[in-house]
Structures are given as C-alpha cells and as structure tokens.
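Novice: Curious how this folds, go ahead:
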Amino acid sequence: MKKLFLFFIMIFALNASMLDFSYLKKAKEAYEKGDFDKAITSYQKIEKPNDEVRFNLADSYYKKGKYQKAAELYKSIEDKKLQFKK
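Specialist: Numbering: from 1, shown residues only. Okay, the predicted model is just below:
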C-alpha cells in the first residue's frame, strides 16, 4: 500500500512539472510573437516560477504598459544577473 501511494505521488509530481514545461513553451512562443496577454497567462500558470520565469513575466507586463506590476515582479527576482538595474 505504501509503495502504491509513493508511486501516485511520483506520477503527480512528474505530471505537474510536465505541465509547467508546456506552459513555459507556450509563454515563450507567445512572447516571441508579441502576444503578451497570452504570455502573461501562460507564465502565471507555472506552479513554481523561478527567477527567469518571474523576469519574463515582468517583461511581458512591461511590454503591455503595466509598469507597476512589472516593477513588483522585477523586485522579487533574487538572481543578480536578472535583477532590474535602477
């Protein structure tokens, strides 16, 4: 019973990361096409966004003219290479 439970937990975790990969791919494609609304929607669906995802989401908001939201996201980035320069 315990092994079956662990198996289902592993399958669920794998499925969640595959969904994130799909959302990331859709977001990047939308961004490259200039469809920033779709990019924002796809980036927001990623369950555990890393700094790169937050940066790209912030950039999408910036391109839509939503500067306050973009600034908030830029400030949440911890990776020094991706941080917004003042």
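
Novice: check contacts around the closest residue to K48 other than its chain neighbours.
Specialist: Counting by CB to CB, 6 or more residues apart in numbering, the nearest residue to K48 once its immediate chain neighbours are dropped is D20, at 7.1 Å. (C-beta placed from N, C-alpha, C; glycine too.) Taking CB atoms under 8 Å, 6 or more residues apart in numbering as the criterion, D20 is in contact with I46, E47, K48.

Novice: which among the residues you listed gets closest to G65?
Specialist: Of all those, the one with the least separation from G65 (CB to CB) is I46, at 22.7 Å.

Novice: What number of residues are in the vicinity of the residue lying closest to K38 once chain neighbours are set aside?
Specialist: If the residues on either side of it in the chain are set aside, K38 comes closest to A30, at 3.8 Å by CB to CB, 6+ apart. Neighbour count of A30, defined by other CB atoms under 10 Å: 19.

Novice: just to revisit the earlier point, buried ones among the contacts of D20?
Specialist: Applying a neighbour-count criterion of 16 or more other CB atoms under 10 Å, the buried members of the contacts of D20 are I46.
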